[in-house]
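[1] Could you work out the structure for the sequence below:
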Amino acid sequence: MNLDELAARLRAFARERDWEQFHAPKNLAMALAVEAAELMEHFQWLTERQSGELPPAAKEKAAAELADVFIYTVRLADRLGVDLGAAVEAKIVVNAAKYPVEKSRGSAKKYSELE
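    Predicted coordinates for the structure are as follows:
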């Protein structure tokens, strides 16, 4: 399923339940932040190694939270009339300029700190 099809499916899901009234961009942005926090909860207190080796049940729970984050992201983009695919493409171009390979390879520094 592509992003347009997904957005249409989520839009229909919300309309069938009369949820459009609750899906103002402000509310969707807040719901997105809440779901991102719920995703982080699955990694809280784990070591870096543990976070990369989740047991199947924990991975399944993290996957469900990732899906929620993605759903709210797609809904918010749809409500704002943002072409999410185009926005991602544009952001990749911006990031490539901010983080040139020769300056950023192997570095976690912010673009403003790269020499």
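
[2] What sits closest to the most far-flung residue of the chain relative to its centre if chain neighbours are left out?
    Distance from the centre of the chain peaks at E115, with 29.6 Å (C-alpha atoms, centre = their mean). With sequence-adjacent residues excluded and distances taken as C-beta to C-beta, 6 or more residues apart in numbering, E115 is closest to K103, at 7.0 Å. Yep, even glycine has a C-beta here, placed from its N, CA and C like the rest.

[3] gap between the one you found and S112?
    As for K103, its distance to S112 is 12 Å (criterion: C-beta to C-beta, to the nearest Å).

[4] which stretch of helix or strand covers A64?
    helix 56-80 (DSSP states H and E).

[5] who does that helix touch, helix- and strand-wise?
    Helix 56-80 sits against helix 3-16, helix 25-41, helix 84-98, with contacts defined as 3 or more C-beta pairs under 8 Å, 6 or more residues apart in numbering; DSSP states H and E.

[6] Give me the more crowded residue out of K103 and S112.
    More crowded of K103 and S112, by other C-beta atoms under 10 Å: K103, with 12 against 6.

[7] For L32, which residues are in contact?
    69, 72-73, 76 (C-beta atoms under 8 Å, 6 or more residues apart in numbering).

[8] among these, who's most crowded?
    Counting by other C-beta under 10 Å, top hit in the contacts of L32: Y72 with 22 neighbours.
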